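1. what follows is a predicted protein model with its sequence.
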Amino acid sequence: MKTPRNPTTVHAPIGGYAHQIEVSAPLRWLVISGQIGMQPDGTLPDDPLEQFEIALENISRNLQAASMGIQDLVKLNIYLVGPVDTARRRQASARWLGGHQPCTTLVYVAALATPNIKVEIEAWACV
């Protein structure tokens, strides 16, 4: 069982996430390595927002391969290099999450695995 909470003793979330999710009972866990904005054919767009959206789709594909869905996500760690339009990124996240609010951390970093990778997202899910 997954129970999301936003304690009243902590500020309200500033985006589409929960401050905490308690996981109880026997569950099956899935840990997804950092997904980048690379298409299955190996292409990597220059646009960071497009990379962000593809990285989310890659997480969806990993979830599907494990017979899980977006609603099973409990944690996202998002790593960005340089500016990514905040409003458009939040809209893309909200669209993809469809109202689901996993715990989320967003970090701006100096670099990722190669200079052309601008986004990496890792995920935890359980069912």
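-> Nice, thanks for sending it over.

2. how about the strands in this protein?
-> Listed in chain order, the strands of the chain (DSSP state E) span 2-5, 20-23, 29-36, 73-81, 103-109, 119-126.

3. tell me the angle of the fourth one relative to strand 103-109?
-> I take that to be strand 73-81. Relative orientation of strand 73-81 versus strand 103-109 (axes from the mean of the first three to the mean of the last three Cα atoms, to 10 degrees): 10 degrees.

4. export the strands of the chain to a markdown table and append columns for mean neighbour count.
-> Every C-beta, even on glycine, is put in place using the N, C-alpha and C of the backbone. Formatted as a markdown table, those follow (neighbours: other Cβ atoms under 10 Å):
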| stretch | mean neighbour count |
| --- | --- |
| strand 2-5 | 14 |
| strand 20-23 | 13 |
| strand 29-36 | 17 |
| strand 73-81 | 20 |
| strand 103-109 | 14 |
| strand 119-126 | 22 |
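
5. residue 53 is nearest to which of those?
-> strand 119-126 (9.0 Å; Cβ to Cβ).

6. alpha carbons of the closest one, as CSV, please.
-> What follows is strand 119-126, C-alpha atoms only, in CSV (Å, rounded to 0.1, in the frame of the first residue of the first chain):
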residue,chain,number,x,y,z
VAL,A,119,18.3,15.6,-18.9
GLU,A,120,18.4,12.4,-16.9
ILE,A,121,15.5,11.0,-14.8
GLU,A,122,15.7,8.0,-12.5
ALA,A,123,12.6,6.5,-10.9
TRP,A,124,11.4,4.1,-8.2
ALA,A,125,8.1,2.3,-8.4
CYS,A,126,6.2,-0.3,-6.4
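
7. now the longest helix seen in the chain and strand 73-81, what's the angle there?
-> Longest helix in the chain, counting residues (DSSP state H): helix 48-65. Put simply, helix 48-65 runs at 150 degrees to strand 73-81, going by the same axes, to 10 degrees.
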